[in-house]
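1. predicted structure and sequence below. I'll ask about it afterward.
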Amino acid sequence: MVKTIKAPVLDIAGSPTGEFYMKILSNEEFEKREENLPSMKKCLKCKEDYPEMDYGRDKRQSDGLNRYCKPCHRGNCAKARKKRSKPCVYQLFFTDGSTYIGSTIQNFNDRLSVHRAKIAKKIHTNKYFNGYEPEDCTGKVLLYVNDEQELRKNEYVLIKHFMEVYGHRCLNSYLYTGIKIEENKGQENEDTNKLAVEGG
């Protein structure tokens with residue numbers, strides 16, 4: 001049974017300034033509430049005890065809960081996502097045997113999700129993709145590139161290779177020529193200016 005008693009409120013000097021009501025639990029009530037407390041589990045990473053509600057589900061574990069508490073698990077996922085989000089050249093596969101070569105500086109799985117979302121809405125920039133369904137598209141990483149500047153060059157080499165191997169089944173609609181385009185444009189402008197000065 002819960003009892004309610006009055007307790008004085010004291011100021012800094014110790015003088016009473018009022019009263020408040022305080023509940024006192026009997027031993028039986030205290031034990032009853034202890035039984036209803038949530039089960040605790042130790043996190044393998046931070047070594048702290050948390051209620052089971054602070055752990056995600058994991059069917060692979062004997063207790064059905066993740067080994068790490070939710071904050072630690074989110075931290076692990078963030079580190080893994082950052083590690084995976086290196087610039088890479090990837091290959092997409094379609095159920096009819098077609099393929100596509102692309103590059104991204106994002107996480108490849110996120111990039112694949114973007115492709116599938118655009119395919120589902122039939123708004124993909126590559127018109128060939130709009131003839132498929134999202135589940136028709138899978139993929140893998142071909143090459144991780146440490147230097148982002150080298151990403152497009154490697155993409156161009158692989159596109160050229162797969163166009164030769166797959167022929168019309170390679171859905172890439174362009175060949176990347178990289179900074180050569182800009183260099184050629186700059187050279188053309190210099191040649192034009194030179195002709196204008198010389199009166200050519």
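-> Happy to help now that I have it.

2. list the buried residues of stretch 104-123.
-> Thr104, Gln106, Asn107, Phe108, Arg111, Leu112, His115, Arg116, Lys118, Ile119 (16 or more other C-beta atoms under 10 Å). In this view, the C-beta of every residue, glycine as well, is placed from N, C-alpha and C.

3. just flag the most distant two among these.
-> Farthest pair in those (C-beta to C-beta) is Asn107 and Ile119. Separation: 18.6 Å.

4. next step: the buried residues of stretch 104-123 restricted to helices.
-> Phe108, Arg111, Leu112, His115, Arg116, Lys118, Ile119 (DSSP state H).

5. for the fourth one, which residues are in contact?
-> Taking C-beta atoms under 8 Å, 6 or more residues apart in numbering, we find His115 in contact with Leu92, His124, Phe129, Cys137, Gly139.

6. for the third one, same thing?
-> For Leu112, the set of contacting residues under the criterion of C-beta under 8 Å, 6+ apart consists of Tyr90, Leu92, Cys137, Thr138, Gly139.

7. strands of the chain, start to end?
-> Taking DSSP state E as the criterion, the chain carries its strands at 2-10, 16-25, 40-42, 49-51, 55-57, 65-69, 88-94, 99-104, 137-144.
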